[in-house]
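[1] everything below, folded, please.
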Amino acid sequence: MLRVIWEGFEHLRGSAETKEAPERHRVDLATKAAARYLKDLYSTDAQASGLLVMASYNWGENQLLPLIRRMPANLKDRNFWRLLTKFRDRIPLETYDYVFFIVSAAVIGENPRLFGFDFDNPLGHLEQPVTSQSALDMRAFPNANDRWQHTQRKW
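    Prediction:
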């Protein structure tokens with residue numbers, strides 16, 4: 001399963017020699033390579049937004065960076081939402097979905113039970129204590145689970 005997450009990574013980096021190597025199927029090595037690539041992407045023009053970095057990772061930096069460079073230099077205005085507004089017709093549906101799937105997984109992972117899963121946050125034991133100033137009171141969203149169930153995408 002995890003191998004699929006990083007599948008195609010060598011293609012994005014242009015590393016033909018790793019395609020034949022048996023290490024290609026080692027999740028630990030692929031994960032480290034993917035982390036290095038993400039770190040590299042944060043040093044490009046995509047650095048203004050983590051979502052731009054995710055989109056660059058998925059579609060390939062050589063595809064997305066030219067579009068990003070056509071956006072305003074102001075980092076506040078250089079973000080994934082403005083990229084979609086300006087270039088939605090050029091961004092593949094797969095990349096659009098990829099970014100939203102990653103964001104959705106992060107949101108669901110914070111409180112899986114809220115979304116109907118029968119387990120707690122698997123990384124909850126690593127969290128720092130939440131202060132009252134940073135806590136989101138879910139009582140303000142009494143129908144959040146119902147709304148999600150009615151709007152979820154059908155696979």
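[2] relative to K39, how far out is P112?
    Remark: distance between P112 and K39 (Cβ to Cβ, to the nearest Å) = 28 Å. In this view, the C-beta of every residue, glycine as well, is placed from N, C-alpha and C.
[3] comparing these two, which residue is more hemmed in?
    Per other Cβ atoms under 10 Å, whichever of P112 and K39 has more neighbours is P112, with 15 against 10.
[4] how about the secondary structure of the residue lying closest to the more buried one once chain neighbours are set aside?
    Spatial nearest neighbour of P112, excluding adjacent residues (Cβ to Cβ, 6 or more residues apart in numbering): F119 at 5.6 Å. State at F119, reduced to three classes by DSSP: H, G, I helix; E, B strand; the rest coil: coil.
[5] dihedrals phi and psi, F119?
    When read as degrees, to the nearest 10, the backbone of F119 gives phi -160, psi 160.
[6] tell me how many other residues surround it.
    7.
[7] before we move on, what about I102?
    That count, for I102 with other Cβ under 10 Å as the rule, works out to 16.
[8] in what helix or strand does it lie?
    Under the criterion of DSSP states H and E, I102 resides in helix 93-110.
[9] just the pLDDT for F115.
    At F115, the pLDDT value in this model is 93.
[10] repeat for H125
    78.
[11] any idea how far it lies from K32?
    Relative to K32, and taking Cβ to Cβ, H125 is found at 24 Å.
[12] between those two, point out the one with more neighbours.
    The residue with more neighbours, out of H125 and K32, is K32; 11 against 7, by other Cβ under 10 Å.
[13] okay, the more buried one: pLDDT?
    So K32 comes in at 91 (pLDDT).
[14] check R26 too.
    Looking at R26, its pLDDT is 84.
[15] again with the one 10 residues further on
    What the model reports for R36 is a pLDDT of 93.
[16] that one: neighbouring residues, count only.
    Residues near R36, counting by other Cβ under 10 Å: 11.
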